[in-house]
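Q: coordinates only, sequence not included:
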Ligand SMILES: Nc1ncnc2c1ncn2[C@@H]1O[C@H](COP(=O)(O)OP(=O)(O)OP(=O)(O)O)[C@@H](O)[C@H]1O
């Protein structure tokens, strides 16, 4: 945890409905710019916990501090103006245009009209809704994915430092959902925000989270990075929760840095940092999943043309079998090659060691070794 004061600080938070304990003794700190994902099975208390942060729900016990101030000392409507909120149902106002929907909060806050208009245009453009086409449309004229983007633009419009998102992609089909998630990750604006996101989708949690808070029955089962939850589960519930998706989660979590010790170096190469391979390179902080996607997309070179009168087919294939697709891995200086290396390492710079050639078989073999080693109790 960084030295600076947490943006959100939760201590001993509990909420009951009758005898039903929905949130039980939850505590966590959230640093500026961090994305925390609240994950867990249906009914485990994710939404209730999220809503205590902006006082849509009042807890029975415990405290929530936002920017160092107990939220009970702030008027709910003032508190909420500083916290963007996006829900699955989007909640756009049907009688207002897209631009008017986005402008609601900045107008309430009394921002000058010209500033609001510029900001709205900027956000719509960044969220792939060109204002010339969409600003004057009404919510009913948009697809679900487009409405979701307007919802996000609206939450960002007043530039709040904190954004709460409750299953923001939940109503979308899987393909739209994956696309919007990617856009969401690439949105520079959001990277600087402190984000709390509710989902029950494990893959989504692993894609978006800096840390995950896994709940069951209102209790925290584990709070940690995706890597920690996957490879150092705190209890059987955590282990079982990720069991069915182990392989895909590991592919998304392990990076090529983790695999480096298990990938053979190309010692025969005359490669130097000033003559790096012209094509097909990948940086060592890419995930195994990303490397697989790049490798699978590479064309397999065709065998050399066979001249039937001179060669038998076997002889021709033996001479020119068509090498498997290959990538050159650029190791990053100063990055640990061990399993402790962060999946969110900075992009690699120029290599300082011999390059490493990656093929599908070498990648999968190294992945198998690292995966086995990390899962050993
Ligand atoms: N106002 C309420 N009155 C009584 N019980 C409630 C109320 N709101 C929520 N609950 C109960 O509290 C539990 C937690 O609800 P919550 O919506 O926080 O769970 P969740 O983890 O977000 O679930 P989901 O993923 O299904 O949305 C559920 O069992 C729910 O039925």
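A: Yep, that arrived. Model, not experiment: these values are computed from the prediction.
Q: C-alpha from now on. contacts and neighbour counts both.
A: Noted.
Q: and the pLDDT for residue 301?
A: Residue 301 is assigned 59 on the pLDDT scale.
Q: and if you look at the one 10 residues further on?
A: As summarised for this prediction, residue 311 has a pLDDT of 35.
Q: now residue 5
A: Model confidence at residue 5, given as pLDDT, is 86.
Q: which bits of the stretch 101-250 of the chain sit near the ligand?
A: Contact residues (Cα under 6 Å from any ligand atom) of the stretch 101-250 of the chain with the ligand: residue 200.
Q: in the stretch 101-250 of the chain, what residue is nearest the ligand?
A: Nearest residue of the stretch 101-250 of the chain to the ligand: residue 200, at 5.9 Å (Cα to the nearest ligand atom).
Q: contacts only, for that residue.
A: Contact analysis of residue 200 by Cα atoms under 8 Å, 6 or more residues apart in numbering lists 39-42, 167.
Q: show me those residues that map onto strands.
A: The strands, defined by DSSP state E, take in residue 39 from the contacts of residue 200.
Q: dump the contacts of residue 200 to a markdown table, plus distance to residue 259 and neighbour count.
A: Shown next, in a markdown table, are the contacts of residue 200 (distance: Cα to Cα, whole Å; neighbours: other Cα atoms under 10 Å):
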| residue | distance to residue 259 | neighbour count |
| --- | --- | --- |
| 39 | 28 | 24 |
| 40 | 30 | 25 |
| 41 | 32 | 15 |
| 42 | 36 | 12 |
| 167 | 34 | 18 |
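Q: make CSV out of the contacts of residue 200 and add pLDDT and distance to residue 250.
A: Below are these laid out as CSV (pLDDT from 0 to 100; distance: Cα to Cα, whole Å):
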residue, pLDDT, distance to residue 250
39, 97, 18
40, 95, 19
41, 93, 21
42, 91, 24
167, 87, 23
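Q: relative to residue 56, which of the contacts of residue 200 is nearest.
A: Residue 56 has its nearest neighbour among the contacts of residue 200 in residue 167, at 16.3 Å by Cα to Cα.
Q: phi first, then psi, for that closest one.
A: Residue 167 adopts backbone torsions of phi 50, psi 50, taken as degrees, to the nearest 10.
Q: you'd agree it is up against residue 85?
A: No: Residue 167 is beyond contact range of residue 85, at 11.0 Å (criterion: Cα atoms under 8 Å).
Q: now do the helices in the stretch 201-350 of the chain.
A: Shown for the stretch 201-350 of the chain, the helices assigned by DSSP state H, counting those that start in this stretch span residues 202-208, 226-231, 236-243, 246-253, 256-259, 288-297, 313-319.
Q: any idea which of the ones you listed is most buried?
A: Highest mean neighbour count among the helices of the stretch 201-350 of the chain (mean count of other Cα atoms under 10 Å): helix 256-259, with a mean of 28.
Q: one step back: tell me the one among the contacts of residue 200 nearest to the ligand.
A: residue 42 (3.6 Å).
Q: how far away is that closest one from residue 229?
A: According to Cα to Cα, to the nearest Å, residue 42 stands 19 Å off from residue 229.
Q: rewinding a little: could you dump the helices of the stretch 201-350 of the chain into TSV and include distance to residue 22?
A: Formatted as TSV, the helices of the stretch 201-350 of the chain follow (distance: least, Cα to Cα, whole Å):
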stretch	distance to residue 22
helix 202-208	21
helix 226-231	23
helix 236-243	18
helix 246-253	28
helix 256-259	39
helix 288-297	36
helix 313-319	66
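Q: what pLDDT does the closest residue to residue 42 other than its chain neighbours get?
A: Counting by Cα to Cα, 6 or more residues apart in numbering, the nearest residue to residue 42 once its immediate chain neighbours are dropped is residue 200, at 7.1 Å. Among the per-residue scores, residue 200 holds a pLDDT of 88.
Q: same deal with the one 4 residues further on?
A: pLDDT recorded at residue 204 is 88.
Q: can you count the residues close to the residue lying closest to it once chain neighbours are set aside?
A: The shortest distance from residue 204 to any non-neighbouring residue, by Cα to Cα, 6+ apart, is to residue 181 (7.9 Å). Residue 181 is flanked by 17 other residues according to other Cα atoms under 10 Å.
Q: residue 181 in helix, strand or coil?
A: Here residue 181 is recorded as helix under DSSP: H, G, I helix; E, B strand; the rest coil.
Q: nearest residue to residue 91 in space, please, no chain neighbours.
A: In space, and not counting its chain neighbours, residue 91 is closest to residue 151: 7.5 Å by Cα to Cα, 6+ apart.
Q: so who does that neighbour touch?
A: Contacts of residue 151 by Cα under 8 Å, 6+ apart are 86, 90-92, 102.
Q: thought residue 227 was touching residue 253?
A: Yes: here residue 227 reaches residue 253: they are 6.4 Å apart, a contact under Cα under 8 Å.
Q: and the protein, what are its domains?
A: Here the domain parsing of the chain from automatic domain parsing is 8-253, 256-270+277-299+322-375.
Q: ranking those by mean pLDDT, which is last?
A: The bottom spot among the domains of the chain, by mean pLDDT, belongs to domain 256-270+277-299+322-375, with a mean of 67.
Q: strands of this structure, start to end?
A: In the chain, the segments counted as strands under DSSP E are 8-17, 20-30, 35-39, 61-66, 69-70, 83-87, 162-166, 194-199, 211-216, 219-224, 281-283, 327-330, 356-358.
Q: so which of the ones you listed is the most packed in?
A: Highest mean neighbour count among the strands of the chain (mean count of other Cα under 10 Å): strand 35-39, with a mean of 26.
Q: show me what contacts the residue lying closest to residue 62 once chain neighbours are set aside?
A: Leaving aside its chain neighbours, residue 62 sits nearest to residue 13 (4.0 Å; criterion: Cα to Cα, 6+ apart). Shown in contact with residue 13 (Cα under 8 Å, 6+ apart): 23-27, 59-64.
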